[in-house]
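Visitor: What would the 3D arrangement of this be:
(2 chains)
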Amino acid sequence: MKVLRISAALLLLLCAGVLFADVPVREEQFIYSILAFNGKDYAGTFARKDADTVYLVADVDNFLTVRNVFVYFWPITQDWKTDTSALNIPFEGTLELSGREAEAQMLGMIPYTYYNIRGEYELNWKVAKEAEAEAAWQHYQELMDAYWQSVSAYYEKRALYEKMLNELTVTITKLRDAGNDVTALIDTLKELKAPPEPQYPTEYIVPPVPIQKAFILNLPVGEYQIRFFTQDGKIMEGSERRIVVFEKRRAEAIGLEVIPGDKWTRPVESKTPSSVLYIDGSTDLYIRPFYQQEYNDLFYEKMRKNDAKGNPNLMKWVRIQQVPRARVEVTRQAAETRMVLEEPFYVEQAKGAALGYQIVPFDPEGKHKDREPSLQAFHIPVSKDQRVIRLRVQDKEGQYLPSSERQIRVITPSRIGIVSLILAACPLIAMIIVMVRRSRRYTS
Amino acid sequence: MNQRAHATSVLAKRRILETLISPGYYVAQTIGLVLAYLLVAGFVRAVDSSGFNYTLNPAYELIGRSLVGAFGATFVEKLFSEGPFLFTLYIAFLPVLLYLAVSSVFRFGLEKKVGALELLTYGPADGTSYFLAALIKDILMTAIYLVVLLLFLFIAGLLNNLILGPSFYYSLVILFFLSIAIYAYGIFASSLTDNSASAIAVFLGLILFFIIIMMGSFTVVSGYVRNLASVLAWIIKWISPLFYWDLALRFVEMGNWGMYFIGVALLLLLSVVVLFISHLTIKTRGVRA
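Guide: Here you go, the predicted structure:
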């Protein structure tokens, strides 16, 4: 009985951990919802009650809305989150924007949409406001309506086709069983073609978002103050924020995305123009050059995520978009310079117990028929004998791109590494020689 | 003036000889070079098919995580983007810098306390020629060590197929001038105090203060702490050698060589100003403890 009681008490104690699990405390807060352009796309963040500054890139459209939501700290990812499923009250009103050198101006909420149209690689963002937004949204809706209509028509035609196919097959079977000639019917069956599937609209990479209203801030570099006025003209308590608008410091540099053959899901980036890529030479590399821009580390991180940390005294390179139709010049020791072009590749699962992946050239006519290539990249074969490989990127006109030179160096742990240690001990040897000579001098 | 120059030259030669025949300088050099060896060897072991990955080497993992925590991922990415040598240079230089600076400050304080300095000033030497001789010795010993370190790292690079990147060379040059300013502050601390212990305390306190202020504005912290550090840094930076070092490196990163050389010149100017204040202090307070 006593054992049973102790067991029950222990069980209760164990359950207590589950019953009183750490639930994040949610607090209703007035926040600024921010949709900021970060140089390559739009990303959302929010400025909670304690965030006194909002960071935005200069001379591009950024969207701000104000609302009351539940805010909580999520310890697993160490960041602040909003719970809009339980509370999401957007406010309508005006935003007062003031700067050191500009008079205060009142901004109203403007209907907008944004989208990315298909072009040369990824950077084709468009923002449409007011009537233009309406037209863009309408155009997209028409495109989608037309698509869905063609899908509907396709299914009707497909059903008809399948019905005909079925009927014809049954008739042929019956006639053949009865010993009749079915050649004509088989010819008809062969001529019967399935209706083509409609193509999904390819005009957009990111389609227009449904029209929303927001305060649109497109500001030159500087520091500003904002505060929100409700529709009855009163200042919303706790709505004062500082806006830091910053710009890129440099843009004239090329970065490289480097995909090792054995870790294609874990690419690395070589962004600093003077950087050297040290590798162990165990696998080939697949590279993709990209344009990059340099921003203040703190400002950029805070712009992407308002509660992020960053270093205010450092500048960081940010990938913007792939260099269109680039060429890579590869120079190896004791070998002629070679120009490498972008090629499609397919990632195959490696056979055998080793598992892993293997990157192979894409074969659209053969074993990769009806599939899409896994990646488009420049293949740089690497071997442990080629200790230095130099790369240089050209644009589509054949001009060398500035700061696009990189070195790949194959590192193999040196068998004569001990030489360095002996060299490190040289000052001690010198000291011993000096001491011995001095002691001899004074003893003789 | 000629007499002071002559006294400085004689004293400097004597100090250089004393440094070369005592074990301290060699031991400090060996510590620096062994540290450099360990850092380069660790870097080589932390390279795989996708490049340098500090998590592959336990020592580098500890260093990398600490640096990311304190200064952010961008800092670490930049620090190792050209290889291990930039980080190695600073770490390997520290033992010799500390040895030279602290030993000079200690000796200044000690000779002041026991009256040896006073005795010297009865002859042709004065307080200024005494500290100038110490400075010349420190500068020469620093230059020798930097050459030794450069040769050592160059050989380590050759053995492991690594290169000393451009940031390494900019840092090597500015480090030499930074050390002159630090030695000047050592002399200043010695001129203010009466014995070795207090001279070392003032010197280390000053340098630590500059480092903390510099790091405070550099560290990844948010809100109040960084703002306070930034305000303090703005006030203190004009007398901090670390500010001019940082300024020169920032400009050279952008390819602005003019501002890099201005940074170097400002470091030299700061050293001259600090030495002049030390000269005035010694003139006013005398060399007696």
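
Visitor: alpha carbons only for contacts and neighbour counts from here, please
Guide: OK.

Visitor: any weak-confidence spans in chain B?
Guide: For chain B, the stretches flagged by pLDDT under 70 are B:1, B:217-230, B:289.

Visitor: so A:Thr94 bridges to which residues?
Guide: Counting by DSSP bridges, A:Thr94 forms beta bridges with A:Phe229.

Visitor: Tell me how many other residues surround it.
Guide: Per other Cα atoms under 10 Å in any protein chain shown, the neighbour tally for A:Thr94 reads 21.

Visitor: any idea how far A:Gly233 is from it?
Guide: Distance of A:Thr94 to A:Gly233, computed by Cα to Cα, to the nearest Å: 8 Å.

Visitor: What of A:Gly179?
Guide: Taking Cα to Cα as the measure, A:Gly179 falls 91 Å from A:Gly233.

Visitor: Surely B:Glu77 is within a strand?
Guide: No: assigned with DSSP: H, G, I helix; E, B strand; the rest coil, B:Glu77 falls outside any strand and is helix.

Visitor: What parts of the stretch 51-200 of chain A come near chain B?
Guide: Contacts of the stretch 51-200 of chain A with chain B, taken as Cα under 8 Å from any Cα of the partner chain, are absent.

Visitor: where do the helices sit along the stretch 51-200 of chain A?
Guide: Ranges of helices in the stretch 51-200 of chain A, per DSSP state H, counting those that start in this stretch, are A:130-177, A:183-191.

Visitor: try the stretch 51-200 of chain B
Guide: Going by DSSP H, counting those that start in this stretch, the stretch 51-200 of chain B shows helices at B:58-71, B:73-79, B:85-114, B:116-121, B:127-160, B:166-192, B:196-218.

Visitor: Adding mean neighbour count and distance to A:Asp363, write those helices out as a markdown table.
Guide: Below are the helices of the stretch 51-200 of chain B laid out as a markdown table (neighbours: other Cα atoms under 10 Å in any protein chain shown; distance: least, Cα to Cα, whole Å):
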| stretch | mean neighbour count | distance to A:Asp363 |
| --- | --- | --- |
| helix B:58-71 | 16 | 42 |
| helix B:73-79 | 19 | 37 |
| helix B:85-114 | 21 | 44 |
| helix B:116-121 | 17 | 85 |
| helix B:127-160 | 20 | 39 |
| helix B:166-192 | 22 | 43 |
| helix B:196-218 | 19 | 51 |
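
Visitor: can you list these in a markdown table and add distance to chain A?
Guide: Formatted as a markdown table, the helices of the stretch 51-200 of chain B follow (distance: least, Cα to the nearest Cα, whole Å):
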| stretch | distance to chain A |
| --- | --- |
| helix B:58-71 | 7 |
| helix B:73-79 | 6 |
| helix B:85-114 | 11 |
| helix B:116-121 | 25 |
| helix B:127-160 | 6 |
| helix B:166-192 | 7 |
| helix B:196-218 | 6 |
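
Visitor: Figure out which of the helices of the stretch 51-200 of chain A is closest to A:Phe229.
Guide: helix A:130-177 (21.7 Å; Cα to Cα).

Visitor: Show me what the closest one is packed against.
Guide: Contacts defined by 3 or more Cα pairs under 8 Å, 6 or more residues apart in numbering or on different chains; DSSP states H and E place helix A:130-177 against strand A:110-117, helix A:183-191.

Visitor: Next, the residues that contact the shortest one from outside, please.
Guide: In this structure, residues lying in contact with strand A:110-117 by Cα atoms under 8 Å, 6 or more residues apart in numbering or on different chains are A:122-130, A:133, A:136-137, A:203-216.

Visitor: same thing but at 6 Å, please
Guide: Taking contacts as Cα atoms under 6 Å, 6 or more residues apart in numbering or on different chains, the residues outside strand A:110-117 that touch it are A:124-130, A:133, A:203-209, A:211-214.

Visitor: are any of the residues you listed buried, and which?
Guide: Among the contacts of strand A:110-117, those classed as buried by 16 or more other Cα atoms under 10 Å in any protein chain shown are A:124-125, A:127-129, A:133, A:205, A:207-208, A:211-214.

Visitor: Rebuild those as a markdown table, extending it with distance to A:Pro198 and pLDDT.
Guide: Formatted as a markdown table, the buried ones among the contacts of strand A:110-117 follow (distance: Cα to Cα, whole Å; pLDDT from 0 to 100):
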| residue | distance to A:Pro198 | pLDDT |
| --- | --- | --- |
| A:Asn124 | 25 | 81 |
| A:Trp125 | 26 | 86 |
| A:Val127 | 29 | 92 |
| A:Ala128 | 28 | 93 |
| A:Lys129 | 31 | 92 |
| A:Ala133 | 27 | 93 |
| A:Ile205 | 18 | 85 |
| A:Pro207 | 18 | 91 |
| A:Pro208 | 21 | 93 |
| A:Ile211 | 27 | 93 |
| A:Gln212 | 30 | 92 |
| A:Lys213 | 34 | 94 |
| A:Ala214 | 36 | 94 |
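
Visitor: Restricted to strands, list those.
Guide: Counting by DSSP state E, the buried ones among the contacts of strand A:110-117 place A:125, A:127-129, A:205, A:212-214 in strands.
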